[in-house]
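Visitor: Could you look at this predicted model? Sequence included:
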Amino acid sequence: MGTYYFYVNDSKRQYFCIDPTGSDIKNYALGRNIGSRALSYLLLQNNTYYTGVEPHPLVGSWIGDRFFVTGDDYHPGFEALMAEYGNIGQAIIEMIVDIEPYDLITYGGVDWLIRLMEDNGRHVTINDELRRRLLKYFRHQNHLGTSEELQRVISALRPSE
């Protein structure tokens, strides 16, 4: 199975892992995946003038906090930590949908996003409201310039008949 990695804020007693299955957050993905992109938003100054990122309550919320990335079998009290700390994974997904939905494809990948929509993962889900918002956004992106990847995402987002 291997080690799965979580982003943990010790100061706020929060953590997140936004992989749909919990299996793709491996050491080779740290710094290159959707979780790393989410972490960058948490550490980014919440000021559109300087960053170009729309304001959101979570943007910049980890600035100055003590945080770390840990594997589920590296931290001696991992199970206790997960029980005591709050999981903000769902709020992270919602933040990305609010700020820049295309990041879900750019940093997560089309297959990752489709798997998240189909499986409603261990740590996060795409609920009906997010599905509606993403469908509207990606339809617009597809109108601007169609691609096979966008077509796959749009098909997965459409409600099943």
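Guide: Done, it's in.

Visitor: Quick one: residues contacting Ile18.
Guide: Ile34, Gly35, Ala38, Gly89, Ile92, Ile93, His123, Val124 (CB atoms under 8 Å, 6 or more residues apart in numbering). (C-beta placed from N, C-alpha, C; glycine too.)

Visitor: next one: Phe67
Guide: Here Phe67 is in contact with Tyr7, Val8, Asn9, Asp10, Ser11 (CB under 8 Å, 6+ apart).

Visitor: For the third one, list each beta-bridge partner.
Guide: It refers to Asn9. Gln14, Phe67 (DSSP bridges).

Visitor: Isn't Glu118 up against Leu157?
Guide: No - with contact defined as CB atoms under 8 Å, Glu118 does not reach Leu157; the gap is 10.6 Å.

Visitor: who has more neighbours, those two?
Guide: With neighbours defined as other CB atoms under 10 Å, Glu118 and Leu157 compare such that Leu157 has more, 21 against 11.

Visitor: what's the nearest residue to the more buried one if we skip its chain neighbours?
Guide: Leu135 (4.2 Å; CB to CB, 6 or more residues apart in numbering).

Visitor: So for that neighbour, what's the pLDDT?
Guide: According to the prediction, Leu135 has pLDDT 94.

Visitor: Just give me the neighbour total for it.
Guide: Neighbours around Leu135, by other CB under 10 Å: 16.

Visitor: Torsion angles phi and psi at it?
Guide: When quoted as degrees, to the nearest 10, the phi and psi of Leu135 stand at phi -60, psi -50.

Visitor: That one reaches Ser155, doesn't it?
Guide: No - taking contacts as CB under 8 Å, Leu135 lies outside contact range of Ser155: 10.2 Å.

Visitor: what helix or strand is Val69 on?
Guide: Element membership of Val69 [criterion: DSSP states H and E] is strand 67-71.

Visitor: From the chain's centroid, how far away is that strand?
Guide: Distance, stretch centre to chain centre, for strand 67-71: 16 Å (CA atoms, centre = their mean, to the nearest Å).

Visitor: List the buried residues in the helix or strand of the chain with the lowest mean pLDDT.
Guide: Lowest mean confidence among the helices and strands of the chain (mean pLDDT, DSSP states H and E): helix 110-119, at a mean of 82. Going by neighbour count (16 or more other CB atoms under 10 Å), the buried part of helix 110-119 is Val110, Trp112, Leu113, Ile114, Arg115, Leu116, Met117.
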